[in-house]
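Trainee: No sequence on hand, only this structure:
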């Protein structure tokens, strides 16, 4: 059976850990499932960053990458807000 998940350990501020615990409990999901869902955008962010040269990046390259990442974050936050409003 192929391995599809990998265990990782991270250190985060207490307030953030408390927030994750609260959200996971309220949403009736595990913290692992919640974090995995929240981090689903990492592959797309990796792609955005890979588009910026490691050496010799221009200000235009950096601004373009920031704009793409901001669009991604704004779209996802909007999706979450709409889902929360629908749940009310």
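Mentor: Great, that's in hand. Nothing here was measured: the structure is a model prediction, and the numbers come from that model.
Trainee: wait, doesn't residue 65 sit right on residue 49?
Mentor: Yes. Using Cβ atoms under 8 Å, residue 65 makes contact with residue 49 at a distance of 6.5 Å. In this view, the C-beta of every residue, glycine as well, is placed from N, C-alpha and C.
Trainee: Look at these two and report which has more neighbours.
Mentor: residue 65 (17 against 12; other Cβ atoms under 10 Å).
Trainee: Tell me where the model's unsure across the chain.
Mentor: 84, 87-88 (pLDDT under 70).
Trainee: Mind checking which residue lies nearest the centre of the protein?
Mentor: In the chain, the residue lying closest to the centroid (Cα atoms, centre = their mean) is residue 39, at 3.5 Å.
Trainee: max-length helix in the protein?
Mentor: In the chain, with assignment by DSSP state H, the single longest helix is helix 59-87.
Trainee: which other helices and strands contact it?
Mentor: Packing partners of helix 59-87 (3 or more Cβ pairs under 8 Å, 6 or more residues apart in numbering; DSSP states H and E): helix 42-50.
Trainee: How far off centre is the helix it packs on?
Mentor: 11 Å (Cα atoms, centre = their mean, to the nearest Å).
Trainee: quick one: contacts of that helix?
Mentor: Defining contact as Cβ atoms under 8 Å, 6 or more residues apart in numbering, one finds that helix 42-50 is touched by 65, 68, 69, 72.
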